[in-house]
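[1] got a sequence here, can you build the structure:
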Amino acid sequence: MRAIETCRTPVLGGSVEWCDHCNFTHIQYRSCRNRHCPKCQGLARARWLEQRTAELLPVEYFHVVFTIPEALHPIAFHNPEVVYDLLFRMTAETLLTIARDPQHNLGAEIGFFAVLHTWGQNLHLNPHS
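    This next block holds a predicted model:
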């Protein structure tokens, strides 16, 4: 955390550039280069997003989240293989059932992928795909 707190400050040192003609001075402080630092990784993040965007097919995408009820969190914590396997199977079954339902009239086979997230933003157990 100290590296991130001191990123691009005098604490990490830096270099001074100046113009002999107009006496303009510019100080460039060193970065921490920590992979978690928002200052250091902003450009890397932007490049990564640009590369991933280029990989997308020219079709409509939807983000769907399936969350395990809070009452089942202790079971998921103590039996992750069983619970997460069920979560993925039920996610797939639900999406395919809805897509094949004539009432929704999708007229196509869907494709999807799922990612398991086990913690919420508050770092509490919150299994969802």
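[2] how about the strands in this protein?
    Per DSSP state E, the chain carries strands over the ranges 14-18, 25-29, 117-119, 125-128.
[3] gap between the two ends of stretch 120-129?
    Start to finish, the residues bounding stretch 120-129 are 12 Å apart (C-alpha to C-alpha, to the nearest Å).
[4] what's next to it, contact-wise?
    Stretch 120-129 is contacted by residues 65-68, 73, 76-77, 83-84, 87-88, 91, 114-119 when judged by C-beta atoms under 8 Å, 6 or more residues apart in numbering. Quick note: C-beta positions are derived from backbone N, CA and C, even for glycine.
[5] now do it: distance to the chain's middle.
    Averaged C-alpha coordinates place stretch 120-129 at 13 Å from its chain's average position (C-alpha atoms, centre = their mean, to the nearest Å).
[6] for the chain, what spans make up the helices?
    2-5, 38-55, 73-78, 80-100 (DSSP state H).
[7] can you list contacts of the first one?
    Pointing back at helix 2-5 there. Under the criterion C-beta under 8 Å, 6+ apart, external residues in contact with helix 2-5 comprise 32, 34, 36, 37, 39.
[8] any of those residues buried? List them.
    With neighbours counted using 16 or more other C-beta atoms under 10 Å, those contain these buried positions: 32, 37.
[9] hmm, which two among the contacts of helix 2-5 are most spread apart?
    For the contacts of helix 2-5, the maximum inter-member distance is 10.5 Å, found between 36 and 39 (C-beta to C-beta).
[10] in the lowest-mean-pLDDT helix or strand in the chain, which residues are buried?
    One helix or strand of the chain scores below all others by mean pLDDT, DSSP states H and E: strand 125-128, with a mean of 77. Under the neighbour-count criterion of 16+ other C-beta under 10 Å, strand 125-128 has 126, 127, 128 buried.
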